[in-house]
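*Asks:* Pasted the sequence and its predicted model underneath.
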Amino acid sequence: MAKPLVFIGSSFEAKEIAREIQDKLSDTVHCEVWDEFILKPGDATLFSLYKAFHKYDFSILVFTPDDITESRNVQYYSARDNIIFELGLSMGVLGPRKSFFVSPKTNDLQIKIPSDLAGITSISFEWDGNRNTLNSSLGPACNKLRKAMLDVVDDFILSFLPSTALAMGYFKNFVLEICNELIRTTEITIHDKKYDLSQDAFDFYVVLPTELSQIGHPGVNKFKKDNKLSDFVIKKRSREFPFYLKNEVVDNRILFFDFPTTLRASRESINLIHPPGSGASEREFLENREMLNFERTLKYLLAQPEAAEFADNIKIVSYKSLGI
């Protein structure tokens, strides 16, 4: 699995701190510092940042005492307005548990933090301003950042991505509905031989594309042809559930397949941010992330009590690895 991608933002004056954080976290995540973020001609900074944050898994904003703010007749050191804004933008796109800020701390210097940031992971580090001590001063702070990010990855927090909602709807309203009907099917005929699916004699394969461009009529037809599948439909009340049946019985098990075309909606969502023909590398990254998140969400849902009855029947596999 690829390393999580992290955006590090700072003021120009604090770029050295950002670079040091990038270096210290390179063993765990891939970090991009703000000065690597290049605006294309004609791009507006706000919209470009908004698009960029959809690319990242985490953000780290460096709050340094670059400005002086007066609040209720008291003056405080504060971070640059644009850094505070970028943290808010990150929280809106990535969520509060994936947005962090770090700040230096000394006995005679305190940075004013907006009260609305309560609950956001804030990590301070002791530093006397000497460049020679920056490396050692940032060590404990970076260890906390590393742990906080790994905790989020391990907990598998459902991301606010199109593929999350698509996977939940697909799994609960399609896959589980089909399996609940199949387990009640006492007779199915293949090559003149009858099988009783209620005796746990079936597997249902959710086959994930290797790229979103495969999701479409040509891709589906190729999938059916390559795997010798025929159309199969379950009718439940006024709704039809179409999927596919393998024409051969394997080890006395009936094999069903589906190629989740619902992922087309992910591609359409990406088109809103990166229209076809623009930002090819960004589109590829977002498409790969959507497919990965769709897969992770399905596996998460499969491990929940609601799906326990079919934990051994439902197989989530990639098109590339399908060897049946």
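*Replies:* Thanks, I have it.

*Asks:* rest of the way, CA atoms for contacts and neighbours
*Replies:* OK.

*Asks:* centre of the chain versus stretch 146-156, how much separation?
*Replies:* From the chain centre to the centre of stretch 146-156 is a distance of 13 Å (C-alpha atoms, centre = their mean, to the nearest Å).

*Asks:* in stretch 250-264, what counts as buried?
*Replies:* Residues of stretch 250-264 classed as buried: Ile254, Leu255, Phe256, Phe257, Asp258, Phe259, Pro260, Thr261, Leu263, Arg264 (neighbour count, 16 or more other C-alpha atoms under 10 Å).

*Asks:* And the helix or strand Leu301 falls within, what does it pack against?
*Replies:* Assigned by DSSP states H and E, Leu301 belongs to helix 280-302. Packing partners of helix 280-302 (3 or more C-alpha pairs under 8 Å, 6 or more residues apart in numbering; DSSP states H and E): helix 162-170, helix 264-273, strand 314-318.

*Asks:* the inter-axis angle of it versus helix 162-170?
*Replies:* Calculated by axes from the mean of the first three to the mean of the last three C-alpha atoms, to 10 degrees, helix 280-302 forms an angle of 30 degrees with helix 162-170.

*Asks:* Quick check: buried residues in helix 280-302?
*Replies:* 282-283, 286-287, 289-299, 301-302.

*Asks:* low-scoring pLDDT stretches of the stretch 101-250 of the chain, where are they?
*Replies:* Counting by pLDDT under 70, the ranges of the stretch 101-250 of the chain that qualify are 106-110, 115-116, 118-121, 154-160.

*Asks:* can you pull out the strands in it?
*Replies:* Here the stretch 101-250 of the chain has its strands, by DSSP state E, counting those that start in this stretch, at 111-112, 121-126, 188-190, 193-195, 202-208, 229-236, 239-246.

*Asks:* Quick check: which of those strands is nearest to Phe100?
*Replies:* Taking C-alpha to C-alpha, strand 121-126 is the member of the strands of the stretch 101-250 of the chain nearest to Phe100, at 5.2 Å.

*Asks:* quick one on the thing from earlier: which one of the strands of the stretch 101-250 of the chain lies nearest to Thr164?
*Replies:* Here strand 202-208 is closest among the strands of the stretch 101-250 of the chain (C-alpha to C-alpha), at 14.5 Å.

*Asks:* The closest one pairs with which strands, parallel or anti?
*Replies:* Neighbouring strands of strand 202-208 in its sheet, by DSSP bridges, are strand 254-258 (parallel), strand 314-318 (parallel).

*Asks:* tilt between that strand and strand 239-246?
*Replies:* Using the same axes, to 10 degrees, strand 202-208 lies at 90 degrees relative to strand 239-246.

*Asks:* coming back round to it: which one, of the strands paired with strand 202-208, ends up nearest to Ala18?
*Replies:* Counting by C-alpha to C-alpha, Ala18 lies closest to strand 314-318 out of the strands paired with strand 202-208; the figure is 37.8 Å.

*Asks:* Pull the CA coordinates from the closest one and hand them back as PDB.
*Replies:* Output of strand 314-318 as PDB, limited to C-alpha atoms (Å, rounded to 0.1, in the frame of the first residue of the first chain):
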ATOM      1  CA  ILE A 314     -18.600 -12.600  -0.300                       C
ATOM      2  CA  LYS A 315     -15.200 -12.200  -2.000                       C
ATOM      3  CA  ILE A 316     -13.800  -8.800  -2.800                       C
ATOM      4  CA  VAL A 317     -11.100  -9.200  -5.500                       C
ATOM      5  CA  SER A 318      -9.400  -7.100  -8.200                       C
END
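
*Asks:* Dihedrals phi and psi, Asp57?
*Replies:* Taking degrees, to the nearest 10, you get phi -90, psi -30 for the backbone angles of Asp57.

*Asks:* Phi and psi next, for the nearest residue to it once chain neighbours are set aside.
*Replies:* In space, and not counting its chain neighbours, Asp57 is closest to Leu5: 5.3 Å by C-alpha to C-alpha, 6 or more residues apart in numbering. The phi and psi values for Leu5, taken as degrees, to the nearest 10, are phi -100, psi 130.

*Asks:* Cys142 contacts Leu25, doesn't it?
*Replies:* Yes: Cys142 is in contact with Leu25 according to C-alpha atoms under 8 Å; the separation is 6.8 Å.

*Asks:* Which of the two has more residues huddled nearby?
*Replies:* Using other C-alpha atoms under 10 Å as the criterion, Cys142 and Leu25 rank with Cys142 on top: 21 against 17.

*Asks:* show me the contacts for the more buried one.
*Replies:* Residues near Cys142 by C-alpha atoms under 8 Å, 6 or more residues apart in numbering: Ile21, Lys24, Leu25.
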